[in-house]
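Q: fold the following, please.
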Amino acid sequence: MDSTIVATRYWHQLEDGRVQCDLCPRYCRLREGQRGLCYVRQCLDGGVRLVSYGRSSGFCVDPIEKKPLNHFYPGSAVLSFGTAGCNLACKFCQNWDMSKSREMDTLADRAMPGDLARAARETGCRSVAFTYNDPIIFLEYALDVAAACREQDIATVAVTAGYIDPRPRAEFFAAMDAANVDLKAFTERFYHKICGGHLASVLDTLQYIRHETDTWLELTTLLIPGENDSEAELDAMTAWVVEHLGPDVPMHFTAFHPDWKMLQHAATPAATLAMARRVAMANGVRFAYTGNVRDPAGASTWCPGCGELLIERDWHRLGRWSLDGAGRCGNCGWQLPGRFGAAPGQGVARPVRIRFA
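A: Purely as a prediction, here's the structure:
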């Protein structure tokens, strides 16, 4: 069998001869040759196979703040890659050329897990990120990359929508050192009509990551005018986060630009992002950030104890650093939650594409 096609575990046989993929709450039911909505899991030889193992839509060295992760080795470099396909159908997808691709030619770059770990080490990356599309759909590849990275003392990061069944979820997040989960909205209407999914499954995943794993968690919400940006919805969302996840889970509110199937929508005003940050902090979120706009105050980290500027950010570039070597406020000693080195990382300020031989 082609080395890019591998067996998977999360599926079962149905009485009518089809197989059901049990990786995510879509539970795609497939006949021989059919693919799930994600496109990269296919029924072959009576079982579900991943048909994109070791194949990527490209590799890039990014600043970790681009994921976005603000409390996971700030300033460090991360080797980022994705594949084709996705298990949601978000009409606003900003990476639609990869996540919505139905062409295997999109996956032009190849790298085995050991190759990726070595490349991360050689390019000075502190971590490897599964991003651009959702790593849940290439779980087997992601887990093997994570294992290879741990042998090289390289961390792994999942940028995901968190739309996964509880059984594979345990295995997947046990292998991830950090995750940024897209909490796309706080209404079932939005998830069902705009993303083709369900909110409850994502909220369940968030609580699982926060309370049942050691994975560092941050959240991102892309605010789309007229869809998920009302003050009432943001109030309900941020209050839920504080009650169910705690006040120390950072939240990123990012600006939408018209893309994919939502070209008719206006871009997000900076004032909407500022409002979302205000609402979140009023509800007790200690670390609320704005993104996709230039807003140094909203992108920077401030001490909840004394108000000191702890990590200054201008886009993805770090400025002032006021943490001691243990990640505490240098002024009042407040312990900043997250994963921090003794000093800020010396990674790249902007993405750099790399190619594998």
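Q: hey, where'd the helices end up in this structure?
A: Residue ranges of the helices in the chain, as given by DSSP state H, are 96-99, 113-122, 139-151, 166-174, 188-190, 199-212, 231-244, 270-282, 296-299.
Q: could you dump these to a markdown table with distance to residue 89?
A: For the C-beta atoms, the positions are set from N, CA and C on the backbone; glycine is no exception. Formatted as a markdown table, the entries for the helices of the chain read as follows, by distance: least, C-beta to C-beta, whole Å:
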| stretch | distance to residue 89 |
| --- | --- |
| helix 96-99 | 9 |
| helix 113-122 | 28 |
| helix 139-151 | 19 |
| helix 166-174 | 20 |
| helix 188-190 | 13 |
| helix 199-212 | 15 |
| helix 231-244 | 21 |
| helix 270-282 | 25 |
| helix 296-299 | 30 |
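Q: out of those, the one nearest residue 264 is which?
A: In this view, the helices of the chain are compared for proximity to residue 264 by C-beta to C-beta, and helix 96-99 is the closest at 15.4 Å.
Q: average pLDDT for that closest one?
A: Averaged across helix 96-99, the pLDDT comes to 54.
Q: same deal with stretch 286-300?
A: For stretch 286-300, the per-residue pLDDT values average out at 96.
Q: now what about it, what contacts it?
A: Taking C-beta atoms under 8 Å, 6 or more residues apart in numbering as the criterion, the residues outside stretch 286-300 that touch it are 68, 70-71, 220, 238, 247-257, 268, 270, 273-274, 276-277, 280-281, 301, 304, 309-315, 337.
Q: how about stretch 321-337?
A: Contacts of stretch 321-337 with the rest of the structure, by C-beta under 8 Å, 6+ apart, involve 71, 248, 287, 301, 303-306, 308-312, 338, 340, 342-344.
Q: coming back round to it: so of the contacts of stretch 286-300, which ones are in strands?
A: Secondary structure assignment by DSSP state E places 220, 251-255, 301, 309-314 of the contacts of stretch 286-300 in strands.
Q: now the buried members of the residues you listed.
A: In terms of neighbour count (16 or more other C-beta atoms under 10 Å), the buried residues within those are 220, 251-255, 301, 309-313.
Q: quick check: the two most widely separated of those residues?
A: Taking C-beta to C-beta as the measure, these have their most distant pair in 255 and 310, spaced 23.8 Å apart.
Q: okay, now the domains of this structure?
A: If you go by automatic domain parsing, the domain ranges for the chain are 6-50, 56-289+332-347.
Q: could you identify which of those is most buried?
A: domain 56-289+332-347 (a mean of 20; mean count of other C-beta atoms under 10 Å).
Q: need the distance between the two termini of that one.
A: Here the two ends of domain 56-289+332-347 are set 23 Å apart, with distance taken as C-alpha to C-alpha, to the nearest Å.
Q: please renumber the chain so that the first residue is 22 from this point on.
A: Okay, using 22 as the starting number, the last item reads as domain 77-310+353-368.
Q: rewinding a little: and the ones in strands among the contacts of stretch 307-321 as CSV, adding distance to residue 212?
A: Converted to CSV, those look like this (distance: C-beta to C-beta, whole Å):
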residue, distance to residue 212
241, 15
272, 18
273, 19
274, 18
275, 18
276, 20
322, 30
330, 36
331, 34
332, 33
333, 35
334, 30
335, 34
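Q: how about these, which pair is most distant?
A: Using C-beta to C-beta, those reach their maximum pairwise distance at 276 and 331, which is 23.8 Å.
Q: check contacts around the residue lying closest to residue 189 once chain neighbours are set aside.
A: Nearest in space to residue 189, with sequence neighbours left out and distances taken as C-beta to C-beta, 6 or more residues apart in numbering, is residue 31 at 4.9 Å. Counting by C-beta under 8 Å, 6+ apart, residue 31 makes contact with 42-44, 69, 160, 186, 188-189.
Q: again with residue 275
A: Contacts here follow C-beta under 8 Å, 6+ apart; on that basis residue 275 touches 89, 241-244, 289, 294, 311-313.
Q: and if you look at residue 226?
A: Neighbour list for residue 226: 183-185, 190, 202 [criterion: C-beta under 8 Å, 6+ apart].
Q: residue 220 contacts residue 214, correct?
A: No - contact status for residue 220 versus residue 214: not in contact, 11.6 Å apart, counting by C-beta atoms under 8 Å.
Q: quick one: residue 177 from residue 186, how far?
A: For residue 177, the distance to residue 186 equals 20 Å [C-beta to C-beta, to the nearest Å].
Q: what does residue 80 give?
A: In this view, residue 80 and residue 186 are 29 Å apart by C-beta to C-beta.
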